[in-house]
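Visitor: the following block contains a protein sequence and its predicted model.
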Amino acid sequence: MPKDFWPTYSAMANTHGGVVLLGVREKSGVFTVAGLPNAAKVRADLFNNLNNPGKVSVNLLTDADVQEVTINGAVHGEHTPLQGKIGDRIELMFMNPTMMMHPMHLHGHAFQVVNINGKAINGAMRDTVYVPPMAMVTVALDAGEAARWMLHCHHMPHLSTGMMTEFAVSA
């Protein structure tokens with residue numbers, strides 16, 4: 001666990017709660033996304049400490065209070081980039097099996113929403129799409145410039161804990 005976690009946990013326990021974002025670094029007041037390469041180990045360490053009476057008198061957190069958000073089952077750093085070649089027509093299907101919303105954003109490309117929950121549509125062009133809870137949204141795009149483009153949830157608590165991947169376009 002990060003050394004600065006315990007003062008944050010204590011402050012949350014003495015107020016009305018809050019959110020702890022793991023996978024974010026702060027230096028001189030500037031926050032950057034670092035990712036969380038081994039979320040399972042961090043989660044295990046967290047609960048081992050929280051359930052240790054020598055560390056915490058009364059644990060207020062349950063497993064349901066700790067959320068991991070992923071793309072294709074992996075956090076950034078453990079991800080496999082999505083692949084495409086310049087000019088390929090690509091469809092990305094975002095399936096959201098959670099009760100959280102996810103505004104999904106792709107750098108360097110515009111895409112068209114072509115399907116929502118199994119219903120084909122002729123949607124607008126955009127670079128961010130809102131994926132509602134318990135929903136499925138498909139977008140179509142033409143792979144552009146050869147590069148590694150970031151694809152991530154634009155909700156900061158999700159982005160900061162690793163809900164991002166890459167769209168790798170090759171020549």
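Guide: Structure's in. What do you need?

Visitor: ok, then the element right after the lengthiest helix in the chain?
Guide: Secondary structure assigned by DSSP state H gives helix 39-50 as the longest helix of the chain. Downstream of helix 39-50, the next assigned helix or strand under DSSP states H and E is strand 82-85.

Visitor: name every strand pairing with that following strand and say which way it goes.
Guide: strand 164-170 (parallel) (DSSP bridges).

Visitor: show me which residues of the partner strand are buried.
Guide: Under the neighbour-count criterion of 16 or more other C-beta atoms under 10 Å, strand 164-170 has 164, 165, 166, 167, 168, 169 buried. In short, each C-beta sits where N, CA and C put it, glycine included.

Visitor: got the contact list for that strand?
Guide: Identification of contacts with strand 164-170 by C-beta atoms under 8 Å, 6 or more residues apart in numbering yields 33, 35, 71-72, 74, 76, 79-86, 90, 106, 109, 143-153.

Visitor: which among the residues you listed end up buried?
Guide: Here, 16+ other C-beta under 10 Å leaves 33, 35, 71, 76, 79, 82, 84, 90, 106, 109, 143-144, 149-153 buried among the contacts of strand 164-170.

Visitor: ok, the residue lying farthest from the centre of the chain to residue 45 distance?
Guide: Residue farthest from the centre of the chain, counting by C-alpha atoms, centre = their mean, is residue 54 at 33.0 Å. With distances taken as C-beta to C-beta, to the nearest Å, residue 54 is found 15 Å from residue 45.
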